[in-house]
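**Student:** sequence first, predicted model second:
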Amino acid sequence: MQKAFIIGSPLEQFEIVTLIPLSILGFNFSLTNSWLFLFIATFLIFFWISLSFYQLRLVPNSWQLVKESIYKITSTMIKDNLGSKGEFYFPFIFCLHLILLYSNFIGMVPYSFTVTSHIIFTFGLALAIFIGINIIGIQTHGTKFFNLFLPRGVPLAIVPLLITIEFLSYIVKVFTLSIRLFANMTSGHTLLKIIAGFAWTMLSMGGILAIFHLIPLGLLLALIGLELAIAGLQAYVFTLLTCIYLNDVLNMH
């Protein structure tokens with residue numbers, strides 16, 4: 001009975017499973033485990049915020065203290081990178097920070113699913129942010145926005161080459177933003193699964209190996225703490241880079 005709960009491959013934990021098949025006009029709109037855990041993350045965010053908003057106190061309770069801490073971290077991030085212009089974008093940045101934070105932490109729960117471990121999610125999120133930032137830049141600066149790709153005083157002979165290089169370096173932001181989060185979540189969870197499987201194998205073999213399984217088990221506990229820190233850090237880094245990219249289009253140099 002115990003073997004039924006063992007995942008054979010470390011990569012099986014990232015498999016997207018269809019829960020409710022649904023097809024409309026030939027398009028697949030099936031509800032999957034990825035959608036389910038994204039919904040759970042969203043629900044927990046609203047539930048957590050409702051707890052912190054209930055009976056606000058001058059001396060905050062634990063729920064209110066955590067909310068105010070995350071609020072202050074996000075507010076400081078926006079103030080340092082966007083200045084007063086960032087106040088308008090605070091609701092979006094705060095929601096982005098929370099959804100990534102909760103998705104990463106929920107993925108640490110055994111037998112759950114890590115939404116941010118899939119490149120399709122992180123790339124889609126990064127692409128949507130990138131498109132939105134560019135729309136903001138064009139609305140703010142008009143055609144002057146395209147000066148990002150052609151600084152002043154550049155010799156005419158190297159203009160085509162410089163525009164190509166600047167454009168490619170600008171586009172690559174989407175990939176760096178998405179791959180960083182995806183790679184850290186995937187590699188960390190895979191490593192945890194490999195070490196957990198190794199410890200279980202040593203324990204199941206019995207004998208002296210059953211005693212030495214405590215070594216990989218202790219390493220696993222240490223790595224879980226490290227992975228929790230990485231989960232929070234990667235949510236922060238993704239949000240921070242979003243602020244930096246937004247600042248680039250708002251305050252063109």
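**Tutor:** Perfect, I can see it now.

**Student:** list the buried residues of stretch 36-43.
**Tutor:** Judged by neighbour count (16 or more other C-beta atoms under 10 Å), stretch 36-43 contains these buried residues: 36-38, 40-41. Every C-beta, even on glycine, is put in place using the N, C-alpha and C of the backbone.

**Student:** which stretches in the chain count as helices?
**Tutor:** 33-53, 62-82, 90-106, 119-141, 159-205, 208-212, 214-250 (DSSP state H).

**Student:** which residues sit against the second one?
**Tutor:** With C-beta atoms under 8 Å, 6 or more residues apart in numbering as the contact definition, helix 62-82 has outside contacts at 48-49, 51-52, 56-57, 60, 86-87, 89-90, 93-94, 97-98, 101, 236, 239-240, 243-244, 246-247, 250.

**Student:** buried stuff in that helix?
**Tutor:** Residues of helix 62-82 classed as buried: 63-64, 67, 70, 74-75, 77-78, 81-82 (neighbour count, 16+ other C-beta under 10 Å).

**Student:** and what of the shortest one?
**Tutor:** Of the residues in helix 208-212, none count as buried by neighbour count, 16+ other C-beta under 10 Å.

**Student:** would you mind pulling the contact partners of that helix?
**Tutor:** Applying C-beta under 8 Å, 6+ apart, the set of residues contacting helix 208-212 is 202-203.

**Student:** gap between it and the chain center?
**Tutor:** In this view, helix 208-212 has its centroid 38 Å away from the chain centroid, taken as C-alpha atoms, centre = their mean, to the nearest Å.

**Student:** can you add distance to Phe14 and mean pLDDT and give the helices of the chain back as JSON lines?
**Tutor:** JSON lines is the format used below for the helices of the chain (distance: least, C-beta to C-beta, whole Å; pLDDT from 0 to 100):
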{"stretch": "helix 33-53", "distance to Phe14": "10", "mean pLDDT": "87"}
{"stretch": "helix 62-82", "distance to Phe14": "27", "mean pLDDT": "86"}
{"stretch": "helix 90-106", "distance to Phe14": "14", "mean pLDDT": "93"}
{"stretch": "helix 119-141", "distance to Phe14": "10", "mean pLDDT": "92"}
{"stretch": "helix 159-205", "distance to Phe14": "7", "mean pLDDT": "85"}
{"stretch": "helix 208-212", "distance to Phe14": "29", "mean pLDDT": "73"}
{"stretch": "helix 214-250", "distance to Phe14": "15", "mean pLDDT": "90"}
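
**Student:** can you lay out those helices as JSON lines showing distance to Phe149?
**Tutor:** Written out in JSON lines, the entries for the helices of the chain read as follows (distance: least, C-beta to C-beta, whole Å):
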{"stretch": "helix 33-53", "distance to Phe149": "35"}
{"stretch": "helix 62-82", "distance to Phe149": "22"}
{"stretch": "helix 90-106", "distance to Phe149": "26"}
{"stretch": "helix 119-141", "distance to Phe149": "12"}
{"stretch": "helix 159-205", "distance to Phe149": "4"}
{"stretch": "helix 208-212", "distance to Phe149": "59"}
{"stretch": "helix 214-250", "distance to Phe149": "12"}
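
**Student:** out of the ones you listed, which is the most enclosed?
**Tutor:** Of all the helices of the chain, helix 90-106 has the most neighbours on average by mean count of other C-beta atoms under 10 Å, namely a mean of 19.
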